[in-house]
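K.L.:
Quick one, what's the 3D model for this:
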Amino acid sequence: MVGFEVLSKIASLFNWIAAFRTSSEILAIIGFALVGVVAFIYVGKGVLTLGKWLVNLKVKEFTIALAVMGIALIAIAILIP
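P.N.:
Predicted coordinates:
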């Protein structure tokens, strides 16, 4: 009986899938998932490219690049709220 209770708890985590009734809602979710995967791939590629670029910088250029990225992050943090 304990095994069925665990399975029912795990199955309850996927109840949100049952909320989608029409095929258009399911297609929209699949579309969002595909766009999310593509965005994730491009973000990953961008992070790798940025990392390669930072590794190839001289110390002075690296320090300036870190300072500029820090300023950009602070500006984004101010703009978000």
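
K.L.:
Every contact and neighbour count from this point should use C-alpha atoms.
P.N.:
OK.

K.L.:
Would you state the helices of the protein in chain order?
P.N.:
2-12, 23-55, 59-79 (DSSP state H).

K.L.:
Make CSV out of the ones you listed and add mean pLDDT.
P.N.:
Output for those, formatted as CSV (pLDDT from 0 to 100):
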stretch, mean pLDDT
helix 2-12, 73
helix 23-55, 91
helix 59-79, 92
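
K.L.:
Turn the ones you listed into a markdown table, columns for mean neighbour count.
P.N.:
Compiled in a markdown table, the helices of the chain are given as follows (neighbours: other CA atoms under 10 Å):
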| stretch | mean neighbour count |
| --- | --- |
| helix 2-12 | 10 |
| helix 23-55 | 12 |
| helix 59-79 | 11 |
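
K.L.:
So which residue is smack in the middle of this structure?
P.N.:
residue 40 (5.9 Å; CA atoms, centre = their mean).

K.L.:
now that residue: how far from residue 47?
P.N.:
Here the criterion is CA to CA, to the nearest Å. By it, residue 40 lies 11 Å from residue 47.

K.L.:
Then residue 8?
P.N.:
Taking CA to CA, one finds residue 8 at 40 Å from residue 47.

K.L.:
again, but for residue 80
P.N.:
In terms of CA to CA, residue 80 sits 22 Å off from residue 47.
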